[in-house]
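kindly return the folded structure for what I paste below:
(one chain, ligands or ions: 1)
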Amino acid sequence: MKLLLVIELDNTLIVGDRATATLNKSLAAIRHEIYLVYVTGRSYASSRQLLAPAQLLPPDYLITGVGSEIYQQGVTLDQNWANYISKDWFRDEVWAVVSNFAALKPQPADEQTPGKISFCLDMTASLEVIQDLHDLLTFAGLRAQVIFSNGRDIDIIPKSSNKGKAVAYLQQLLQVESVATIVCGGSGNDISLFQLSSPGIIVANAQTELLWWYYKTKYPWHYLTHYPNAQGILEGLIYFNVLPFPNTWRSQPISN
Ligand code: GLC
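Prediction:
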């Protein structure tokens, strides 16, 4: 069975550094043994801009908009997923509820998609706004979820979606078991990935919201790395025995 490897882009696999190139090389060596999935909070348009100049391996799937869209080969929208999550999603009504909150400023237009509306929380506002928003949406009978990331971003997506649910959909589609899946992430919108019962790699530079959740749950199938970003992913993949331990240390003389 192939391994389903899910890597978050923004706060996890920062593109363009040396470690990213090393990670790419290592993944290229096992490419035929894995389904490679990139996942991001960005809209599709914005994630293409990020990916275009990057020297990343082409993925089998690209999950965008915090799990609200899935693209086969990174280009073809998965219409079944789109249809499934759009049931019971009343985008305009959700937007109308959010407009009651002065502390929430809309993100740029290219981050607003059919399945995701995104805001920035005013730096001076209390975090209680998030709970209040959630309560008001529930009170209004709107099946939406509020996701807080990066100490600032607020995404509202259909209740039936999120990154974890999108990965669970792919597990079913590709017939890959939970234990044959590894998820890697670093911010609040990755919590749903780590709620799957699959091994998980949390990079050392993870955002506070995710670290807080990690220390609260402390599930033994999660590994918090010592290194940040791509280096951290490499470390985690070695920890989970997906990649061999680099044997270069053997050629180093041992000094006292
Ligand atoms: C990315 C997206 C932004 C989103 C954030 C958190 O930065 O560009 O729209 O709010 O991720 O998911």
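
switch to C-alpha atoms for all contacts and neighbour counts from now on
Will do.

phi and psi next, for residue 94.
phi -60, psi -40 (degrees, to the nearest 10).

brain fart, residue 95
phi -60, psi -40.

who's in contact with it?
Counting by C-alpha atoms under 8 Å, 6 or more residues apart in numbering, residue 95 touches residue 117.

let's go with 10 Å and repeat that
Listed by C-alpha atoms under 10 Å, 6 or more residues apart in numbering, the contact partners of residue 95 are 106, 117-118, 156.

which one of those is nearest to residue 56?
residue 118 (26.5 Å; C-alpha to C-alpha).

does the strand or helix carrying the closest one reach the ligand?
Residue 118 belongs to strand 117-121 when elements are defined using DSSP states H and E. Yes. Strand 117-121 lies within reach of the ligand by C-alpha under 6 Å from any ligand atom, at residue 118.

which outside residues touch the very next helix or strand once past that strand?
Moving toward the C-terminus from strand 117-121, the next helix or strand (DSSP H and E) is helix 128-139. With contact meaning C-alpha under 10 Å, 6+ apart, helix 128-139 is reached by 93-94, 97-98, 100-104, 121, 140-148, 154, 156.

hmm, helix 128-139 in reach of the ligand?
No. Counting by C-alpha under 6 Å from any ligand atom, the ligand has no neighbours in helix 128-139; the shortest distance is 13.7 Å.

I'd like the next helix or strand past that helix.
Next along from helix 128-139, by DSSP H and E: strand 144-149.

could you list the residues of the chain in contact with the ligand?
So the chain meets the ligand at 41-42, 66, 111, 118, 149, 153-155, 189 (C-alpha under 6 Å from any ligand atom).

possible to save the residues you listed as CSV with neighbour count, pLDDT and secondary structure?
Converted to CSV, the residues of the chain next to the ligand look like this (neighbours: other C-alpha atoms under 10 Å; pLDDT from 0 to 100; DSSP: H, G, I helix; E, B strand; the rest coil):
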residue, neighbour count, pLDDT, secondary structure
41, 28, 97, coil
42, 23, 97, coil
66, 27, 98, helix
111, 19, 97, helix
118, 27, 98, strand
149, 20, 94, strand
153, 20, 96, strand
154, 23, 97, strand
155, 21, 98, strand
189, 28, 96, helix
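
if we can go back for a sec, so which elements touch the strand holding residue 118?
Under the contact criterion of 3 or more C-alpha pairs under 10 Å, 6 or more residues apart in numbering; DSSP states H and E, strand 117-121 touches helix 91-98, strand 104-106, strand 144-149, strand 153-158.
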